[in-house]
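K.L.:
Mind looking at a prediction? Sequence and model below.
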Amino acid sequence: MSIPEHIKPGAFVRLRGGVKAEIYSTDNGGDYPVHGRIFDQDGAAHVATWSSEGWVCRYESGLSTGIVGPWIERPDYSKLWPLLPPWIRWLAMDADGELFGYPEKPNPGSTGWCTPGAFRYIWIPHDYRPEPVGDWKDSLQERPAS
């Protein structure tokens, strides 16, 4: 069976659940010819192997995590946070690339974000927002602790 285009040596891929992994090699033979490493939220890397389709993963802690596509970096909001009022705790882009700030963590809707409880948010003007990057469903970020 052929290996998908996004699974190649040197590529970063997205795993089920949004985790990032790096592919080292794809020609190792056996049931798990794709070798690489998975990055956890603390930045630690774990050796991993996948089937040629990327569906099955084996790595040192025993978790199974399949490859779902290429890795796309999330938007960088770091320069925007200092400009926003402190009550804005979350930023997220909708499917059209519009950026909004929320006091409470919003939930994904069909093409944008929905706020729990009170209908409060602010629209971020285009001059201040970063370029849309990747899938809008991955754009939600909480204000960093200061």
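P.N.:
Arrived safely, thanks for sending.
K.L.:
Map the structural domains onto the sequence of the protein.
P.N.:
According to automatic domain parsing, the chain comprises the domains 12-70, 81-142.
K.L.:
In JSON lines, list those along with mean neighbour count, distance to I3 and mean pLDDT.
P.N.:
(Each C-beta comes from the backbone N, C-alpha and C, glycine too.) Putting those into JSON lines (neighbours: other C-beta atoms under 10 Å; distance: least, C-beta to C-beta, whole Å; pLDDT from 0 to 100) gives the following:
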{"stretch": "domain 12-70", "mean neighbour count": "16", "distance to I3": "5", "mean pLDDT": "83"}
{"stretch": "domain 81-142", "mean neighbour count": "15", "distance to I3": "22", "mean pLDDT": "87"}
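K.L.:
okay, those in CSV with distance to P4 next?
P.N.:
Formatted as CSV, the domains of the chain follow (distance: least, C-beta to C-beta, whole Å):
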stretch, distance to P4
domain 12-70, 6
domain 81-142, 18
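K.L.:
What segments of the chain are strands?
P.N.:
All strands of the chain, identified by DSSP state E, fall at 12-15, 20-25, 34-39, 45-50, 57-59, 67-70, 90-93, 99-102, 107-108, 113-114, 122-124, 141-142.
K.L.:
Pipe those strands into a markdown table and attach distance to D76 per row.
P.N.:
Output for the strands of the chain, formatted as a markdown table (distance: least, C-beta to C-beta, whole Å):
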| stretch | distance to D76 |
| --- | --- |
| strand 12-15 | 16 |
| strand 20-25 | 16 |
| strand 34-39 | 18 |
| strand 45-50 | 22 |
| strand 57-59 | 29 |
| strand 67-70 | 18 |
| strand 90-93 | 11 |
| strand 99-102 | 12 |
| strand 107-108 | 20 |
| strand 113-114 | 19 |
| strand 122-124 | 14 |
| strand 141-142 | 9 |
